[in-house]
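> dropping a prediction and its sequence here:
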Amino acid sequence: MATIDFGAGEQEFRCTARTLTIYEQAFCADPNPRVTGDLIADVLGKQRITDESLGFKLGDDGTISEIILDFTGDNWNAERRALWAMLKTQWEIDRKHGRDGKPVPSYREWDESLLESDMDMRAVSNAVGEELNRGLFRSGAAASGQTSEER
């Protein structure tokens, strides 16, 4: 479980295998051809790892000659959709354990509620990426017996 303030106050969110289903059910019929309904494909896409994709260029002598901030590799809307699915996952977990919490509305209603919020998309991107890795790609978690909520 993680927390984020994306302009609507501090909120908890969590990525589990259930998040993939929530995302798929909400977005698989989206008419936009860039939205596949697969959270991992939409958020991570195809990534080419190069010196430049890591944010720097090497000069002929092997030293860093230029730092590059490239925002074109991020699918900002997919990261917002993923955040919504993770917020909804946390709400379902809370409800299952008898904890009260404000229900997460449909994506459209949630998105419209953010009309005047000042969302820091880099913070959203980082938080979604970290929780995605913690929730789905933690090779050591199974061996340790710990969940992302316990860490």
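Structure received.
> which stretches in the chain count as strands?
For the chain, applying DSSP state E gives strands covering 2-5, 10-13, 56-58, 64-67.
> nearest to Met86, of those?
The closest of the strands of the chain to Met86 is strand 10-13. By CB to CB, the value is 3.9 Å. (Each C-beta comes from the backbone N, C-alpha and C, glycine too.)
> what residues does that closest one touch?
For strand 10-13, the surrounding residues in contact (CB atoms under 8 Å, 6 or more residues apart in numbering) are 1-5, 83, 86-87, 89-90, 94, 127, 131.
> which of the residues in it are buried?
Gln11, Glu12, Phe13 (16 or more other CB atoms under 10 Å).
> how many neighbours does Val124 have?
19 (other CB atoms under 10 Å).
> ok, so what distance separates it from Gly45?
Separation of Val124 from Gly45 (CB to CB, to the nearest Å): 16 Å.
> cool, Tyr23 as well?
With CB to CB as the criterion, Tyr23 and Gly45 are 14 Å apart.
> more neighbours: these two, which one.
Ranked by neighbour count (other CB under 10 Å), Tyr23 and Gly45 place Tyr23 first, with 27 against 13.
> hang on, that one packs against Ala85?
Yes: assessed by CB atoms under 8 Å, Tyr23 is found in contact with Ala85 at 4.1 Å.
> returning to that earlier point: who wins for most neighbours among the contacts of strand 10-13?
Met86 leads the contacts of strand 10-13 on contacts (other CB under 10 Å) with 29 neighbours.
> any idea what the closest residue to it other than its chain neighbours is bridged to?
Setting aside the residues directly before and after it, Met86 is nearest to Phe13 in space (CB to CB, 6 or more residues apart in numbering), at 3.9 Å. Judged by DSSP bridges, the bridge partners of Phe13 are Ala2.
> fine, thanks again, bye for now.
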